[in-house]
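> how would this look folded up:
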Amino acid sequence: MELFLYIDESGSPSLSDTIDRNVNFYVGMCMMTEEVHQEFIDDAITKLRCESDNTPADIQCLNRGYFHASEDGPNAHSFLCRKISTIPNLDFSYEKVDKVFLSDIERPLAQSESRLHQFMASLATVVVSHAKVDCAHIYLAQRQGSMPINVSVSWHSQFVDRLIKGAVALPQIPFYLPKLEIMVVGANNPGVQICDFLLWAAIRKYEENIRCTWADRVGLREAASSRSKGDPFSRKMYSVNAPIDYPLANVDLDLVQNPFLPIDNDRLLELLTFAEKTVHHYARVGLPQHAAHLLDEIERVATAHRAATISPEDFRQLARIFIIMADTVPVYNMQSADEINRTIQAKYYLGVVYKGEEIRWFWITRWWLGVRQQLLARNSHCFDD
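Next comes the predicted model:
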């Protein structure tokens with residue numbers, strides 16, 4: 001199964017621009033199980049062209065060659081709305097940030113337009129870390145200054161980094177990383193046009209309280225919403241027709257123990273040895289098809305760890321790939337409480353190393369590099385499975 005995610009934005013991501021409607025910045029995400037092709041848009045454009053009562057805004061849409069909801073006329077809205085309502089399974093959500101109420105801790109996120117825009121796009125697409133699918137295709141609508149056309153590589157790296165840090169904050173929640181294909185596309189991308197329309201309709205009805213029938217006519221059904229008191233960030237989720245039924249990464253929570261309890265050095269030794277052995281094992285035997293996109297990184301890390309002496313950065317890279325592969329493969333028996341909890345604890349302590357944000361990462365790294373060298377001196381095959 002594959003997912004296709006289309007990301008668009010509304011409003012200004014600039015923290016200095018908080019006048020009237022620009023006090024909020026929105027990022028919408030439209031998700032489907034099939035790619036939207038140009039024929040989908042062409043059909044609506046053809047029908048619009050046959051109308052005899054098009055307004056100047058409708059004619060502008062025809063001249064442009066694609067839909068842009070905030071500038072289109074009622075006939076353009078109508079024909080695109082009818083097309084969208086025929087999609088059998090569509091999930092739509094949007095993230096909102098109220099820039100005025102960003103706290104001092106959150107304000108660094110908005111130091112630049114690109115930082116806030118790209119962070120919001122990450123929030124919108126976090127769903128992929130829970131979906132057991134073969135590939136997630138992510139199409140980001142280009143915006144000069146905050147989402148440039150060449151940002152896909154750096155955004156991919158930042159996105160995965162945020163997913164990993166989220167995973168280690170709650171290591172007991174399975175973290176699944178499918179193959180990601182990320183593209184920055186123009187406003188004329190067919191899927192982005194759908195996302196643009198749904199975001200425009202939802203904002204007008206649910207945020208600006210403007211009398212707007214388009215959200216109802218397209219069939220938006222609210223699925224969930226979330227916002228903590230005082231939190232400038234909020235999310236609302238909808239579906240059109242039926243929601244997408246994709247398999248979720250999951251474990252039996254009755255088998256899960258508290259991963260944050262203190263452990264002794266013997267347990268830490270067991271966890272770190274297990275992690276390195278696991279990486280070497282899958283580098284040797286390969287991965288199941290759904291996780292094959294991780295093999296190059298696993299082999300690269302395993303090669304670096306054939307040496308008796310490794311660097312702190314080598315250890316951090318092992319932490320990274322173990323956290324990613326732990327639930328994606330998975331590396332444990334789904335019915336074994338011992339294996340599940342060993343993996344969760346390993347994710348937690350390797351997460352401390354990966355983040356490098358507290359003094360424990362330095363202690364764990366220094367301790368492990370010394371102990372590891374001693375283990376290999378006694379048995380050069382101690383990490384072979």
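> Can you get me a residue count around residue 265?
Residues contacting residue 265 under the criterion other Cβ atoms under 10 Å number 9. Just so you know, the C-beta spots here come from the backbone N, C-alpha and C atoms, and that holds for glycine as well.
> Identify the residue nearest it in space, chain neighbours excluded?
Of all residues not flanking residue 265 in the chain, residue 367 sits nearest, at 7.7 Å (Cβ to Cβ, 6 or more residues apart in numbering).
> Distance-wise, check that neighbour relative to residue 119.
34 Å (Cβ to Cβ, to the nearest Å).
> Settle it for me: which of these two has more neighbours?
Between residue 367 and residue 119, counted using other Cβ under 10 Å, the more crowded position is residue 119 (21 against 14).
> check which helix or strand covers the more buried one.
When elements are assigned from DSSP states H and E, residue 119 belongs to helix 113-124.
> Only C-alpha atoms, please: export that helix in CSV.
Output of helix 113-124 as CSV, limited to C-alpha atoms (Å, rounded to 0.1, in the frame of the first residue of the first chain):
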residue,chain,number,x,y,z
GLU,A,113,9.7,32.1,7.5
SER,A,114,11.2,28.9,6.2
ARG,A,115,11.8,27.5,9.7
LEU,A,116,8.1,27.9,10.7
HIS,A,117,6.7,26.8,7.3
GLN,A,118,8.9,23.7,7.2
PHE,A,119,8.2,22.8,10.9
MET,A,120,4.4,23.1,10.2
ALA,A,121,4.8,20.8,7.1
SER,A,122,6.5,18.3,9.4
LEU,A,123,3.6,18.4,11.8
ALA,A,124,1.1,17.9,9.0
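> So which elements touch whatever helix or strand comes next after that helix?
Next in sequence after helix 113-124, counting helices and strands by DSSP H and E, comes strand 135-141. The contact analysis (3 or more Cβ pairs under 8 Å, 6 or more residues apart in numbering; DSSP states H and E) places strand 135-141 against strand 2-10, strand 179-185, helix 190-202.
> what inclination does the lowest-mean-pLDDT helix or strand in the chain have with respect to helix 190-202?
In the chain, the helix or strand scored least confidently by mean pLDDT, DSSP states H and E is strand 220-226, which has a mean of 83. Inter-element angle recorded for strand 220-226 and helix 190-202: 80 degrees (by axes from the mean of the first three to the mean of the last three Cα atoms, to 10 degrees).
> Buried residues, the following helix or strand past strand 220-226. List them.
Once the chain leaves strand 220-226, the next helix or strand it forms, by DSSP H and E, is strand 233-241. Buried residues in strand 233-241, counting neighbours by 16 or more other Cβ atoms under 10 Å, are found at 233, 234, 235, 236, 237, 238, 239, 240.
> cool, and stretch 314-325?
Of the residues in stretch 314-325, those buried by neighbour count under the rule 16+ other Cβ under 10 Å are 315, 316, 317, 318, 319, 320, 321, 322, 323, 324, 325.
> Any chance of JSON lines for those residues, columns distance to residue 8, secondary structure and pLDDT?
JSON lines is the format used below for these (distance: Cβ to Cβ, whole Å; DSSP: H, G, I helix; E, B strand; the rest coil; pLDDT from 0 to 100):
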{"residue": "315", "distance to residue 8": "40", "secondary structure": "helix", "pLDDT": "97"}
{"residue": "316", "distance to residue 8": "35", "secondary structure": "helix", "pLDDT": "97"}
{"residue": "317", "distance to residue 8": "34", "secondary structure": "helix", "pLDDT": "97"}
{"residue": "318", "distance to residue 8": "37", "secondary structure": "helix", "pLDDT": "98"}
{"residue": "319", "distance to residue 8": "35", "secondary structure": "helix", "pLDDT": "98"}
{"residue": "320", "distance to residue 8": "30", "secondary structure": "helix", "pLDDT": "98"}
{"residue": "321", "distance to residue 8": "32", "secondary structure": "helix", "pLDDT": "98"}
{"residue": "322", "distance to residue 8": "35", "secondary structure": "helix", "pLDDT": "98"}
{"residue": "323", "distance to residue 8": "30", "secondary structure": "helix", "pLDDT": "98"}
{"residue": "324", "distance to residue 8": "28", "secondary structure": "helix", "pLDDT": "97"}
{"residue": "325", "distance to residue 8": "32", "secondary structure": "helix", "pLDDT": "97"}
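> Among those residues, which one lies nearest to residue 180?
For these, the closest approach to residue 180 (Cβ to Cβ) belongs to residue 324, at 11.4 Å.
> tell me which of the buried residues of strand 233-241 is nearest to residue 37?
Residue 37 lies nearest to residue 240 out of the buried residues of strand 233-241, by Cβ to Cβ, at 17.8 Å.
> If you count neighbours, what's buried in the helix or strand where residue 302 lies?
Residue 302 is part of helix 295-304, with elements assigned from DSSP H and E. Applying a neighbour-count criterion of 16+ other Cβ under 10 Å, one finds 297, 298, 299, 301, 302, 304 buried in helix 295-304.
> Contacts only, for the second one.
Yep, that's residue 298 we're talking about. Contact analysis of residue 298 by Cβ atoms under 8 Å, 6 or more residues apart in numbering lists 279, 282, 283, 287, 321, 325.
> No further questions, thank you.
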